[in-house]
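J.: fold the following and give me the result.
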Amino acid sequence: MADSDREAFRSVAVELQILEGTAETLQSRLSFVNAALTELNIARMTLEGVEKETPDAPLFVPIGGGSFIKAKLESNDRVIVGAGAGVSVERSTGEAMETLKNRITELEKTRTSIQQQLMQVVGRVQEDRERLQVLSARVSQAGRKTGVSEAQGRP
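T.: Alright, predicted model coming up:
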């Protein structure tokens, strides 16, 4: 019984390590998706604001590090949108908004899926930790019994 408990303990410990690694990976993906969603929502809100402006309206364009340059809006009906793989295309503001909304919808689906996977993995981690505690107690108890038997001269 003690040998099978030790083997089960090792097996659960390995599974737990794998699950914890999986949880970390999923958490990292979730962080990435949340950052992308934030960026897309900022772009969407910016386009909504630009749509209401008139040509030649003054703008502050962020250049990073909390710094901005002054610019003037040339046109509020055409924007350049990233199409992927480093390619950008010119679209109407409406088309750009629709593109952003579609990307946001897809990323929200992805986020939901990752959250569900993460919850399942975290549940399994909890189960495995509980199993490890039980197995650890059994292995420890079997070890104490073996030690007492040996101390009394019994095999």
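J.: contacting residues for the spatially most central residue of the chain?
T.: Centroid check for the chain by Cα atoms, centre = their mean gives residue 30 as the closest residue, at 1.4 Å. Applying Cβ atoms under 8 Å, 6 or more residues apart in numbering to residue 30 gives the contacts 111, 114-115, 118. (Glycine included, C-beta is placed from N, CA and C.)
J.: residue 13 too?
T.: Here residue 13 is in contact with residue 132 (Cβ under 8 Å, 6+ apart).
J.: ok, back up a step: in what helix or strand does the residue nearest to the centre of the chain lie?
T.: Per DSSP states H and E: residue 30 is located in helix 2-52.
J.: quick one: average pLDDT of that helix?
T.: Helix 2-52 carries an average pLDDT of 94.
J.: export the helix or strand following it as PDB, just CAs?
T.: Counting by DSSP H and E, the next helix or strand C-terminal to helix 2-52 is strand 58-64. Provided in PDB are the C-alpha atoms of strand 58-64 (Å, rounded to 0.1, in the frame of the first residue of the first chain):
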ATOM      1  CA  PRO A  58      -6.200  70.700 -33.400                       C
ATOM      2  CA  LEU A  59      -5.000  67.400 -32.000                       C
ATOM      3  CA  PHE A  60      -2.400  66.100 -29.600                       C
ATOM      4  CA  VAL A  61      -0.700  63.000 -31.000                       C
ATOM      5  CA  PRO A  62       0.900  60.800 -28.400                       C
ATOM      6  CA  ILE A  63       4.500  59.900 -29.200                       C
ATOM      7  CA  GLY A  64       5.200  57.800 -26.100                       C
END
